[in-house]
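**Q** When you get a sec, could you give me coordinates for this:
(4 chains)
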4 protein chains.
Amino acid sequence: MSGNRFGKLFSVTTFGESHGAAIGGVIDGVPANFVLDTEAVQLELDKRKPGQSAIVTQRKESDVVTFLSGIFEGKTTGSPIGFMIQNEDQKSKDYSHIQHAYRPSHADYTYDKKYGHRDYRGGGRSSARETAARVVAGAVAKQILGKIGIQIITYVDHVGEIKLTDSVKIDIDCIENNPVRCPNIELAEKMEALIKTIRKQGDTIGGAVTCRITGVPVGLGEPVFDKLHADLGKAMLSINAVKGFEYGSGFDGIAMRGSEHNDEFLTSGKTKSNFSGGIQGGITNGEEIYFRVAFKPVATIMQDQNSIDDKGEEVIVKGRGRHDPCVVPRAVPIVSAMAALVILDHYLIDQSKRIF
Amino acid sequence: MSGNRFGKLFSVTTFGESHGAAIGGVIDGVPANFVLDTEAVQLELDKRKPGQSAIVTQRKESDVVTFLSGIFEGKTTGSPIGFMIQNEDQKSKDYSHIQHAYRPSHADYTYDKKYGHRDYRGGGRSSARETAARVVAGAVAKQILGKIGIQIITYVDHVGEIKLTDSVKIDIDCIENNPVRCPNIELAEKMEALIKTIRKQGDTIGGAVTCRITGVPVGLGEPVFDKLHADLGKAMLSINAVKGFEYGSGFDGIAMRGSEHNDEFLTSGKTKSNFSGGIQGGITNGEEIYFRVAFKPVATIMQDQNSIDDKGEEVIVKGRGRHDPCVVPRAVPIVSAMAALVILDHYLIDQSKRIF
Amino acid sequence: MSGNRFGKLFSVTTFGESHGAAIGGVIDGVPANFVLDTEAVQLELDKRKPGQSAIVTQRKESDVVTFLSGIFEGKTTGSPIGFMIQNEDQKSKDYSHIQHAYRPSHADYTYDKKYGHRDYRGGGRSSARETAARVVAGAVAKQILGKIGIQIITYVDHVGEIKLTDSVKIDIDCIENNPVRCPNIELAEKMEALIKTIRKQGDTIGGAVTCRITGVPVGLGEPVFDKLHADLGKAMLSINAVKGFEYGSGFDGIAMRGSEHNDEFLTSGKTKSNFSGGIQGGITNGEEIYFRVAFKPVATIMQDQNSIDDKGEEVIVKGRGRHDPCVVPRAVPIVSAMAALVILDHYLIDQSKRIF
Amino acid sequence: MSGNRFGKLFSVTTFGESHGAAIGGVIDGVPANFVLDTEAVQLELDKRKPGQSAIVTQRKESDVVTFLSGIFEGKTTGSPIGFMIQNEDQKSKDYSHIQHAYRPSHADYTYDKKYGHRDYRGGGRSSARETAARVVAGAVAKQILGKIGIQIITYVDHVGEIKLTDSVKIDIDCIENNPVRCPNIELAEKMEALIKTIRKQGDTIGGAVTCRITGVPVGLGEPVFDKLHADLGKAMLSINAVKGFEYGSGFDGIAMRGSEHNDEFLTSGKTKSNFSGGIQGGITNGEEIYFRVAFKPVATIMQDQNSIDDKGEEVIVKGRGRHDPCVVPRAVPIVSAMAALVILDHYLIDQSKRIF
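**A** Here you go, the predicted structure:
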């Protein structure tokens, strides 16, 4: 109800600010008796970590997750998993200049007006640092999904003007072998070059992430309000900097004819095409789920900007600190984590009805 | 939890199938002592009704809402408002041909697999008829929002290849004066012509709806998971045939630079541009909220299609009945209703915290 | 969130006032493909009906339930079951005398202060008439539980000073054969005589109801806040006129020693005694669940009472109308219904975790 | 949904086991801009701490709470408050003897059957150690309530056969001056002597706690399912070892007449008597709320008991370790905390509706 919990049967409740003592959360509804690979969770978290490559922020945060409960002798107990990531790199001095100033297109102004009191250090709760807790919970969900046979593949398909079109060859194996996390090495290099150019200009740029989910059983999703794609959409839109979500044919579906868009059934129960994106009437049909998430350019730029302070006086907000010129490479594990949370939650909800 | 409720403090729980006895719902969390104009609710419902114009389905449903509780001497009592719409036009014969067949890109297959038992008459629960209950609840919410000073404007901006671009003049007053509900009469006529052509071909076409919300106070939206646009996105994606959602700069934000995208603050607290779409960090900043919703072409076409039946045998699904060639004209009141539900719910949640 | 919904995975949302058009509700989360005996639901509802015997209110309400959705060809579809009971006996004149007066120990005063606007006819939403909707939902739950092998037995064990003690022989079969619904015919006659005496005095009297649940599998209940008995307690306390709840040893446990109270395990996994009431650590252990619910004397008495009106002026509230001298005989099906809702909901929640 | 969260608008989600790394939780929905006295929270936690007096367990746990987020410059920010209490006294050896044995009337058996995997060290999640997290959250709630003018007074009124009757003089100031937390010093001494005797016998004994809440505004509580006393009842019944709950006249109301039980209104709006316990129709009427909570004797006794192990073999469970002979003295701060959580949550919910 108060916005810091996600999920119904399998849920995560998160806490923590950019420059507080720690961030973390509580994962509830974990099926018992599951051998949890905590190192794999850490590896997933490492993918989101600052300082991985030349095109992401150079902040130093080791981001080590500590599990505090819910695991005994290597297995989940069914009790909630509490976890914590200590904040290390708390250079609060970096942020004194924005104590009273509102950075354009950040949440400084809205938090101040909503709460009347704001942790101005590094964005506080509005910082994308919060998403580290999501990655931890998502990594736990992903392992459980893996055992069920569900796989999630996530990659960058768009940076600025450079887009992965249908004609480009996709090589899933190369996603983690390039700093952009694009599944085509040539395109990845172009994207990397673009991001470096943008950074040199003290500017930032937008991008998009594709997520594909395979091995999903037929039947996940709850009509009418909790359609699977509605919950996926909410999950993605809750990630910092996201401006849009589409699944299946998405916005391209606007210009299509029904005769072209309809996915013809084969006798196997599979469909010839998959414009539905694996979901019909809000319920999975067993085909691959796929969706795209649009990210705006990061609001923090290394240029001076006109703005106001909390007294309504004009100020110049100076570009400082260490920030991402493009958010999508580090957004990949976050999109993946949120997808895992939604799918596992719906899997459990669907299970609950299958009693006869 | 089971998918038929929407909203937290202000919620609607709906029931009903296309060809059952009735559809309806329960609106809970209605502030007391509000003079409810039930005729205005009916007028809103009439906007969604079949048979309004030549470009929508010619089914005959008078769709009269009956309020069963929660209103006394013309005012809300704070108790739940139960309401009902009798189903009239129950031509079940129209649907006998799909008792065993799965219509392509409908929910026949997924409902059958999920529930093992399906009301095949007119799509049953998966029919868009269900959205009439949303319109009733949304119309109640809209009236309450009106008293607070919040206005919602919704219109069609895209049909097939015809799109309302930034250069086209928008006339809000003409929205309800043309059957497409497009705010530019020339474009509206083109769209109408296109829809008619498509219908003659026995085909269907997609479209998009824009929604704008003004008069919203600063501070609505709950970080981190219940960001206002995340809840708006879920609301829209839960509507039948929706494939995408974007707010503010949306998918266009991908190709923008931060220096261009950032909304500079003026000393009034307003912003020069509004690429943020009225929401920053998930919280309203007082600017106009605007978002777009993409609808696929309706799955029911008046053409024969190859498909399978529930035994996996090949069948021909014949196009029959009375259906919409394009869903967006009738989707306008539904998008509007869902927006109202989200905004009022968040308004109440925000109020609850303002105790000091 | 707004108080008119009960349950998580299996839930009911109710609406309706004593003298409005209708009462009813929406049952959500119903497992699909279940053959629902709607006549059995009506029979359960008849047990709650006014005018069944000489010791209950003589109001005439036929209380016929109409199902509006969610059932097709006699079986549940997994879609929500909407239902309605028309209000017939709307003698609003009976209540004009309390339009401005606050009846002692009713909800007139609190509703007026909370909502600022009150449906004064027969208590409006605060009337126990609302519980009819619970009985419908509970009857549906009970049928599903019956298929799983879970049985619920409910009876009156206490009226005024007359109590069913451990030494009294219990005959389950006689519960429905006497108007008090006491499982011992001699005691039932004494209770009936007492209630008749009280009624002649224009007074009312309290009582208690026992509920026993058998055939419950081990493992229902969610630590730590949603312990099974905590949810049962909330369910019972939400019924009109309830003042107390105890399960297992209950309040008698206060004076017991641990050595006496502990339930020794047998090699079968059963326990020698059952002071735990079938629940340990909030989770069922397979033994019989039993609990007691205390009801206060009905607030409406046939005597004149001093009170105030909505201007704070002294008034005499005169005893009028047709009311129950003792609520427990008609409370039996309500307690039973609420128990069924809790048990089925927890059964579904428990199922959802059992995925490996 | 999964049992480890309590509350709607103001909620706490807890984690942690008796002998894991830490226990803790996340408090969500905290109104912003409130000066939080963290030392006062620690003092409240100290009241629950083991080893405070001769009549409670002599385990050594310093129980120091660390706040991890949500507080900045001494004030709440409106973001979730994460907190943690390190576990110190992890003598796991003490528990090796129950690795396979089921202690009578503990949760060993039910956890094992539900989860198939159990943290057997000190009861794991089923240990009352979990309630420390509730006390932290409750202490935060209490401070906020204090600012609104709501006070909560909690004390022991019953131990074994010794009961605080209406004729005994109550001195609120002496509650914290005696180890039993009874508000009458003579009775407190008798209770203390009884508990010491019981402990010498290696046995345990039950008790009861009274809670009174004053300064509550009229109007808290949501009909029909979320009546204020229903939520208080659930809160109390979720505490370890609780077997019963009653408010107002409670179980004594069974034998009362309506003419005696009805609370006559005075022209001030106050009532002459208060058998309603400050709640009518589920909504506060401004009178003092009072309720009683019954606790069973602690299941861990210092005597050998017959039981079974996880293979169904007979075993002797030997009494060991350091345990409470009577739980009620340390239950006082827990009852108080849970009451605070319920009242603040309902206060916020009620606020949300008061928009006109």
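
**Q** Point out where the stretch 101-250 of chain A drops to low pLDDT.
**A** Applying pLDDT under 70 to the stretch 101-250 of chain A picks out no residues at all.

**Q** Identify each buried residue in the helix or strand containing residue A:45, please.
**A** Assigned by DSSP states H and E, residue A:45 belongs to helix A:38-46. Within helix A:38-46, the residues that count as buried by 16 or more other C-beta atoms under 10 Å in any protein chain shown are A:38, A:41, A:44-45. In short, each C-beta sits where N, CA and C put it, glycine included.

**Q** of these, closest to chain B?
**A** Nearest to chain B, judged by C-beta to the nearest C-beta, of these is residue A:45 at 17.4 Å.

**Q** you'd agree the closest one is up against residue A:62?
**A** No. Checked against C-beta atoms under 8 Å, the pair residue A:45 and residue A:62 is beyond contact range at 10.0 Å.

**Q** and residue A:181, what is it in contact with?
**A** A:154-156, A:175, A:188, A:328-329, A:332 (C-beta atoms under 8 Å, 6 or more residues apart in numbering or on different chains).

**Q** low-confidence ranges in the stretch 251-356 of chain A?
**A** In the stretch 251-356 of chain A (pLDDT under 70), no residue qualifies.

**Q** Looking at it, which residue is nearest chain C?
**A** residue A:352 (3.7 Å).

**Q** hang on, isn't residue A:62 packed against residue A:88?
**A** Yes. The criterion here is C-beta under 8 Å, and residue A:62 meets it with residue A:88 at 6.3 Å.

**Q** Doesn't residue A:154 belong to a strand?
**A** Yes. With the criterion set as DSSP: H, G, I helix; E, B strand; the rest coil, the secondary structure at residue A:154 is a strand.

**Q** on that earlier part again, most widely separated two among the contacts of residue A:181?
**A** A:154 and A:188 (14.6 Å; C-beta to C-beta).

**Q** circling back: who touches the helix holding residue A:45?
**A** A:52, A:63-65, A:67, A:71, A:85, A:132, A:135-136, A:138-140, A:142-143, A:333, A:336-337.

**Q** now stretch A:192-200
**A** Contacts for stretch A:192-200 (C-beta under 8 Å, 6+ apart): A:54-55, A:159-162, A:178-180, A:204-205, A:325-326, B:257.

**Q** out of those, which are inside strands?
**A** Mapping the contacts of stretch A:192-200 onto strands (DSSP state E) picks out A:159, A:162.

**Q** For the contacts of stretch A:192-200, work out which two are farthest apart.
**A** So, the contacts of stretch A:192-200 by C-beta to C-beta: farthest apart are A:178 and B:257, at 22.8 Å.

**Q** So for those two, which sits in the more crowded spot?
**A** residue A:178 (21 against 16; other C-beta atoms under 10 Å in any protein chain shown).

**Q** residues contacting the more buried one?
**A** Here residue A:178 is in contact with A:185, A:188-189, A:192 (criterion: C-beta under 8 Å, 6+ apart).

**Q** so which of those is the most crowded?
**A** Top of these by neighbour count (other C-beta under 10 Å): residue A:188, with 25 neighbours.

**Q** so how far is chain D from it?
**A** Separation of residue A:188 from chain D (C-beta to the nearest C-beta, to the nearest Å): 37 Å.

**Q** In this structure residue A:32 contacts residue A:72, no?
**A** No. In terms of C-beta under 8 Å, residue A:32 does not count as a neighbour of residue A:72; the distance is 10.0 Å.

**Q** And the strands in the stretch 251-356 of chain A?
**A** Taking DSSP state E, counting those that start in this stretch as the test, the strands found in the stretch 251-356 of chain A are A:279-280, A:283-284, A:289-295, A:305-308, A:314-317.

**Q** if we can go back for a sec, and after the helix holding residue A:45, which helix or strand comes next?
**A** strand A:65-67.

**Q** in its sheet, what does that following strand sit against?
**A** Here strand A:65-67 has these sheet partners by DSSP bridges: strand A:81-86 (antiparallel).

**Q** next SSE after the partner strand?
**A** By DSSP H and E, the next helix or strand past strand A:81-86 is helix A:108-115.

**Q** so, in contact with chain D or not, stretch A:4-13?
**A** Yes. Against chain D, stretch A:4-13 shows contacts by C-beta under 8 Å from any C-beta of the partner chain at A:4-5, A:8-11, A:13.

**Q** quick check, nearest of these to chain C?
**A** residue A:9 (5.3 Å).

**Q** Identify the residues contacting the nearest residue to residue A:58 once chain neighbours are set aside.
**A** The spatially closest residue to residue A:58, leaving aside those adjacent along the chain, is residue A:322, at 4.7 Å (C-beta to C-beta, 6 or more residues apart in numbering or on different chains). By C-beta under 8 Å, 6+ apart, residue A:322 lies in contact with A:50, A:57-59.

**Q** what about residue A:177, neighbour count?
**A** By other C-beta under 10 Å, neighbour count at residue A:177 equals 11.

**Q** wait, what's in contact with the closest residue to it other than its chain neighbours?
**A** Leaving aside its sequence neighbours, residue A:177 sits nearest to residue A:185 (C-beta to C-beta, 6+ apart; 7.6 Å). Neighbour list for residue A:185: A:171, A:174, A:177-178 [criterion: C-beta under 8 Å, 6+ apart].

**Q** what do you get if the cut-off is 10 Å, keeping everything else the same?
**A** A:169, A:171, A:174, A:177-178 (C-beta atoms under 10 Å, 6 or more residues apart in numbering or on different chains).

**Q** Dump the residues you listed to JSON lines, plus distance to residue C:119.
**A** Formatted as JSON lines, the contacts of residue A:185 follow (distance: C-beta to C-beta, whole Å):
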{"residue": "A:169", "distance to residue C:119": "68"}
{"residue": "A:171", "distance to residue C:119": "67"}
{"residue": "A:174", "distance to residue C:119": "67"}
{"residue": "A:177", "distance to residue C:119": "68"}
{"residue": "A:178", "distance to residue C:119": "67"}
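
**Q** quick check, nearest of the residues you listed to residue D:298?
**A** After measuring these against residue D:298 - C-beta to C-beta - the closest member comes out as residue A:177, at 59.5 Å.
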